[in-house]
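>>> Here's my sequence, what's the structure:
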Amino acid sequence: MAENAVTMKPTLGLTGLTMNAMALIAPGAFLWLTFAGQAAAGATAPSMWMGIVFATLLCLATAVCYAEMAKLYPGTGSSYYFAEQSFLNHDKAWRYARLAKFVVGWGSHLYYWIYPGVMVGVIGVISGYLVGTLWPNFMSASNPGPMFMMAVAIVSAFGVSYIAHRGVTGSTAVNIGINVIQISALIVFAVIALGYRVNHPPGSVAFQFDSQTSAAYGCEFATTKTMVNGQSTDTIVRAADGTPQCAKDGAGKTVPYRISYPEKDASGAFASHRTARSVVSMHNFGWMFVQATIAILILVGFESVTSMGAEARNAKRDVPIAVIVSLLVQSCFCYLFEYFAANYFLNSGYPMSFAGASAAPIGDMMTIVGDALFGAGNGRTFMLIEATTVFLALIGTTLSCINTGARVTYAMGKDQEVPEHFGMLHDKNLTPHRAIWTLAAISAMVGCITVAAFFGDGAAPTDAAIQALPHGFWSSFGYTTHDKMAALPNTFLTTTLASNLGTFLLYMLSCVTCIVCYHKHPQFKVVRHLVIPVFGLVANLGCMIFYVVGPFMGYGTKMEPLIAVGIALVWGIYGGIYFLRASKAMGRTTFHASRVPSL
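Residues are numbered from 1 along each chain as shown. The predicted structure is shown next:
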């Protein structure tokens, strides 16, 4: 197989490039998956919407840097390629070109090699949620079995990688279809959720959610006093099949459930927003910062299109446009609207504490609003239809990230900065297949870690919820007690933050690269090539620093961000050792001794 004799073909226009980037940002998938992590982030949940606004500004500054660099240096490799060309074309910084591109490329792998694993892990979560909804005697929808989620993650990693292996044209067709479906479906949900809040003022009859049966009920639940951990607690009275029983009044009639919008629940934790203004308020700067460090996951991906310069028909014109458009459409048009609707929907029947303890809070909300709009019992059908679109969106975003990550690895392989076999293309599909299959294996492993303790730390289920799980290897293996699970780091949040830390690092380095790229360049513009990159640099660096200092200031949890920082340090140290050893083995110097011709 003469793999080095083939090259990529320019087949993508502006639409194809934009849709590939939008598939990675995936508003349908990330509203579903990230809301749970944001809801479980301690007391910071009230600032969820403003956190997304701040994260959008950060990403927009970085997107401008990518777009500006793509105008000068279209090609394969994204930020890795930009770093090399920017330094090589600089009058004084050319000596540092090899070191710069390796640091950027190696750092980007902290993001590109963890992110797909988080995605396949979430595919496992949503699969468990759907299976539990359809077959509650086999699986709990709210707390799916870790072993089942791991199995799905492994199958998904290799299945999506096979699509990527087949070629970018097929991947683009899949992404276009997925984008249309997911955006339409989530906008429908957002409109219905807003309608539910508007049409259910405080004191009106509404629905409340029961996590054990994953269903909505229009009545007050009957309760009885039981002893839990030595304390007298109100426990819902249930039938033999687990269905909650409705409370009766003195005349024997069912007591309807009446909705309210309390700011805090009985334990003092945030419950819901009393007004629309509360949804869009900052509440607390530190809370907003914590939410932004999580929300970055839902916005990354706009830069993925810069890795496809060799496959674009008019890269210098279309790639910069696709970078900006993909971010603005999905953030400003989709995410801010969807997140406002989901936060405004929160109420006494489904408070924020329910969202933080659920595998799929958006799915729970869909069940409630579906029952209200289509009739009791039909909310589950509505949720399943919407969930199908989310499942497709997760396939699309995983596919797009694997395509991007593999191409960055491919570019480094061509330069022999990583093992040379990564820089080979398949002779028929013209894809970096060896990088793709390596990433498939890594994604499967990270996916398993992501779901191993999905309900660790603050998301730990109660002992009663654990005891109510269907018993079996696929459904309950891995669940212990509330206290033991609360002592474990939340592995979903940990891998998410590790990926996000890689994102902040990559975006920070890309802002620096943009400054170098246009320093003393004839096309230099103060705002686009200095002010915006400096803002992006400071904002990304600030988020990275906040990972360390935030927990000690009382913002969010401690275990997950500090573990994420530890992962990044280990990756960086290993990268430095690898770079030095590989350079010595090949007789290469860290700095260029003479000016190397640029492209």
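>>> buried residues in stretch 138-150?
Applying a neighbour-count criterion of 16 or more other CB atoms under 10 Å, one finds Met139, Ser140, Ala141, Ser142, Asn143, Pro144, Gly145, Pro146, Met147, Phe148, Met149, Met150 buried in stretch 138-150. All C-beta atoms are positioned from the backbone trio N, CA, C, and that covers glycine.
>>> actually stretch 542-556, sorry about that
Within stretch 542-556, the residues that count as buried by 16+ other CB under 10 Å are Cys543, Met544, Phe546, Tyr547, Gly550, Pro551, Tyr555, Gly556.
>>> Give me the secondary structure label for the third one.
Okay, so that is Phe546. Secondary structure, DSSP: H, G, I helix; E, B strand; the rest coil: Phe546 is helix.
>>> separation between it and Ile298?
Distance, Phe546 to Ile298, by CB to CB, to the nearest Å: 18 Å.
>>> how far away is Val300 from Arg317?
Using CB to CB, we find Val300 at a distance of 24 Å from Arg317.
>>> what do you get for Leu469?
Distance of Leu469 to Arg317, computed by CB to CB: 55 Å.
>>> neighbour count winner among those two?
Using other CB atoms under 10 Å as the criterion, Leu469 and Arg317 rank with Leu469 on top: 20 against 14.
>>> contacting residues for that one?
When contacts are counted by CB atoms under 8 Å, 6 or more residues apart in numbering, Leu469 touches Ser140, Asn143, Gly145, Ser475, Ser476, Tyr479.
>>> Now the first one, what are its backbone angles?
Same thing as Ser140. phi -90, psi 130 (degrees, to the nearest 10).
>>> OK, contacts around it?
So Ser140 contacts Gly132, Gln212, Ala468, Leu469, Pro470, Ser475 (CB under 8 Å, 6+ apart).
>>> Give me the pLDDT value at it.
At Ser140, the predicted lDDT confidence score is 90.
>>> mind listing the helices in the stretch 301-450 of the chain by residue range?
Remark: helices assigned in the stretch 301-450 of the chain by DSSP state H, counting those that start in this stretch are 315-328, 336-345, 352-356, 361-374, 379-414, 433-452.
>>> The ones you listed: which one's closest to Cys517?
helix 315-328 (13.2 Å; CB to CB).
>>> so the residue nearest in space to the middle of the chain is in which element?
Nearest to the mean C-alpha position of the chain, by CA atoms, centre = their mean, lies Leu297 at 3.9 Å. Using DSSP states H and E, Leu297 sits in helix 285-299.
>>> Could the C-alpha coordinates of that helix be exported in CSV?
Extracted in CSV, the C-alpha atoms of helix 285-299 (Å, rounded to 0.1, in the frame of the first residue of the first chain):
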residue,chain,number,x,y,z
PHE,A,285,-18.9,36.6,39.3
GLY,A,286,-17.2,33.5,40.7
TRP,A,287,-20.3,31.4,39.9
MET,A,288,-20.3,32.7,36.3
PHE,A,289,-16.6,31.8,36.0
VAL,A,290,-17.2,28.3,37.2
GLN,A,291,-20.1,27.9,34.8
ALA,A,292,-18.0,29.3,31.9
THR,A,293,-15.2,26.7,32.5
ILE,A,294,-17.8,24.0,32.1
ALA,A,295,-19.7,25.7,29.3
ILE,A,296,-16.6,25.9,27.1
LEU,A,297,-17.4,22.2,26.2
ILE,A,298,-20.6,23.2,24.4
LEU,A,299,-18.9,25.9,22.2
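>>> now it against helix 379-414, angle please.
Angle of helix 285-299 versus helix 379-414, following axes from the mean of the first three to the mean of the last three CA atoms, to 10 degrees, is 80 degrees.
>>> other SSEs contacting helix 285-299?
If you count contacts as 3 or more CB pairs under 8 Å, 6 or more residues apart in numbering; DSSP states H and E, helix 285-299 packs onto helix 27-39, helix 48-72, helix 491-518, helix 532-549.
>>> same thing but 6 Å
Using 3 or more CB pairs under 6 Å, 6 or more residues apart in numbering; DSSP states H and E, the elements in contact with helix 285-299 are helix 27-39, helix 48-72, helix 491-518.
>>> buried residues in it?
286-299.
>>> quick one: which of these is nearest to Ile368?
The shortest gap between Ile368 and any of the buried residues of helix 285-299 belongs to Ile298, at 22.8 Å (CB to CB).
>>> pretty sure the closest one contacts Thr34?
Yes. Under the criterion of CB atoms under 6 Å, Ile298 makes contact with Thr34 at 5.1 Å.
>>> So which of the buried residues of stretch 138-150 sit within helices?
Using DSSP state H, Pro146, Met147, Phe148, Met149, Met150 are the members of the buried residues of stretch 138-150 that sit in helices.
>>> So which residues make contact with stretch 287-302?
Contacting residues not belonging to stretch 287-302 are listed as 21, 24-25, 30, 34, 37-38, 41, 44, 47-48, 50-52, 54-55, 59, 63, 282, 323, 326-327, 331, 496, 500, 503, 543, 546, 555-556 [CB atoms under 6 Å, 6 or more residues apart in numbering].
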